[in-house]
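Peer 1: Return a 3D structure for these sequence lines:
(chains A and B)
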Amino acid sequence: KNQVEQSPQSLIILEGKNCTLQCNYTVSPFSNLRWYKQDTGRGPVSLTIMTFSENTKSNGRYTATLDADTKQSSLHITASQLSDSASYICVVSAYSNYQLIWGAGTKLIIKP
Amino acid sequence: DGGITQSPKYLFRKEGQNVTLSCEQNLNHDAMYWYRQDPGQGLRLIYYSQIVNDFQKGDIAEGYSVSREKKESFPLTVTSAQKNPTAFYLCASSMEPRNTGELFFGEGSRLTVL
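Peer 2: Take a look at the predicted model:
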């Protein structure tokens, strides 16, 4: 069964600190992996899209990594800001049937 | 500015009523989607449309209906047959098919059944 598991469920860190969010998937055949940021009560916004051949991709202070062999991805946030408080959702695309499998998200809270 | 507009932001429904959620986009995207989001769960696809006058059921289409008469518009009707409609509904669009292209989302509509 195609699944996406994210950890931790929630995370609280102090402003200025770094953090790493994890995503494990069992989707096959794999097409791409995406990370979205969703502010409370708003729609998700795309951070990165990674294909099979990409190991690392950055978007400002956000860096996503992908290990297609172990089927794991991580999202690293550097020098966190209060505006980083949001849910971060990992989404994996299955190549064969246009299906997107969504993780439940990690809720990140940045404290001053 | 280009984007996706959903309305209303908040909607309350009595049991037995049908309600329609609006979704309009000016991104000139061919594909549009409706998702449902419940606490602690990943997004679930309700319906999607790749082109005008054509749409397909997603994973949880029962109790919902859609139409795609114009490229810009993809309204979702939550019917009385939907047993648990209280949720956050998200409309999205993409230029390419959903498994390759970036999805652009609206701000969502929160439906509460009284």
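
Peer 1: Not counting residues beside it along the chain, what's closest to the residue nearest the centre of chain B?
Peer 2: Centroid check for chain B by CA atoms, centre = their mean gives B:Trp34 as the closest residue, at 2.7 Å. Excluding the flanking residues, the one nearest B:Trp34 by CB to CB, 6 or more residues apart in numbering or on different chains is B:Ile46, at 4.3 Å. Placement of C-beta: from N, CA and C, glycine included.

Peer 1: mind listing what B:Phe105 touches?
Peer 2: Shown in contact with B:Phe105 (CB atoms under 8 Å, 6 or more residues apart in numbering or on different chains): A:Gly43, A:Pro44, A:Val45, B:Ile4, B:Leu90, B:Cys91, B:Ala92.

Peer 1: nope, B:Val52 is what I meant
Peer 2: B:Arg68, B:Glu69, B:Lys70, B:Lys71.

Peer 1: how near is the second one to chain A?
Peer 2: Computed as CB to the nearest CB, to the nearest Å, the B:Glu69 to chain A distance reads 23 Å.

Peer 1: Count the neighbours of that residue for me.
Peer 2: When neighbours are counted by other CB atoms under 10 Å in any protein chain shown, B:Glu69 registers 10.

Peer 1: And it, what's its pLDDT?
Peer 2: Note on B:Glu69: pLDDT of 97.

Peer 1: My guess is it contacts B:Ile51. True?
Peer 2: No. Using CB atoms under 8 Å, B:Glu69 makes no contact with B:Ile51, being 11.9 Å away.

Peer 1: Can you name the residues of chain A that neighbour chain B?
Peer 2: Applying CB under 8 Å from any CB of the partner chain, we find that chain A lies next to chain B at A:4, A:31-32, A:34, A:41-46, A:49, A:89, A:93-95, A:97-105.

Peer 1: What does A:Ser83 show for phi and psi?
Peer 2: Here is the backbone geometry of A:Ser83 (degrees, to the nearest 10): phi -70, psi -10.

Peer 1: Out of the contacts of B:Phe105, which sit inside strands?
Peer 2: Filtering those for membership in strands, criterion DSSP state E, returns A:Val45, B:Ile4, B:Leu90, B:Cys91, B:Ala92.

Peer 1: In strands, which of the residues of chain A next to chain B fall?
Peer 2: Using DSSP E, these in strands are A:4, A:31-32, A:34, A:45-46, A:49, A:89, A:93-94, A:100-102.

Peer 1: buried subset of the residues you listed?
Peer 2: Neighbour counting by 16 or more other CB atoms under 10 Å in any protein chain shown classes A:Val4, A:Ser31, A:Asn32, A:Arg34, A:Ile49, A:Ile89, A:Ser93, A:Ala94, A:Leu100, A:Ile101, A:Trp102 among those as buried.

Peer 1: residue contacts, the closest residue to the fifth one other than its chain neighbours?
Peer 2: This points to A:Ile49. If the residues on either side of it in the chain are set aside, A:Ile49 comes closest to A:Arg34, at 4.8 Å by CB to CB, 6+ apart. The neighbours of A:Arg34, taking CB under 8 Å, 6+ apart as the test, are A:Ser46, A:Leu47, A:Thr48, A:Ile49, A:Met50, A:Cys90, A:Val91, A:Val92, A:Ser93, B:Glu102.
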